[in-house]
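A.B. asks: Pasting the sequence and the predicted model now:
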Amino acid sequence: MDMTGAQWRKASRSSTNGGACVEVADNLGGVVGVRDSKDPTGPALVFPAASWRVFVAEVAGRA
């Protein structure tokens, strides 16, 4: 998938000290990209937006 138009943002729980951070792009029209912020040119995982919403809701419910 072409990710050139992706607008990446760090997860709200990511620290600013360069640790393990996840970036998410949710402006891709029906899919959500997820990548490692330490490797921005590396691979990204792509999920259907509906599946991503379910995942986030489940994780938030366990916090």
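C.D. replies: Noted; the coordinates are in hand. Numbering: from 1, shown residues only.
A.B. asks: Report the helix or strand with the lowest average pLDDT across this protein.
C.D. replies: The helix or strand of the chain with the lowest confidence, counting by mean pLDDT, DSSP states H and E, is strand 9-10 at a mean of 90.
A.B. asks: What strand or helix carries the residue positioned nearest the centre of the chain?
C.D. replies: By CA atoms, centre = their mean, the chain has its centre lying nearest to residue 24, at 2.3 Å. Element membership of residue 24 [criterion: DSSP states H and E] is strand 22-25.
A.B. asks: Give me the contact list for that strand.
C.D. replies: Applying CB atoms under 8 Å, 6 or more residues apart in numbering, the external contacts of strand 22-25 come out as 3, 6-11, 14, 32-37, 40, 44. In this view, the C-beta of every residue, glycine as well, is placed from N, C-alpha and C.
A.B. asks: May I see the buried residues of that strand?
C.D. replies: When burial is assessed from 16 or more other CB atoms under 10 Å, strand 22-25 yields the following buried residues: 23-25.
A.B. asks: Now residue 34: which helix or strand?
C.D. replies: Applying DSSP H and E, one finds residue 34 within strand 31-36.
A.B. asks: Off-centre distance for whatever helix or strand comes next after that strand?
C.D. replies: Using DSSP H and E, the next helix or strand after strand 31-36 towards the C-terminus is strand 44-48. Offset of strand 44-48 from its chain centre (CA atoms, centre = their mean, to the nearest Å): 8 Å.
A.B. asks: what's the angle between strand 44-48 and strand 31-36?
C.D. replies: 150 degrees (axes from the mean of the first three to the mean of the last three CA atoms, to 10 degrees).
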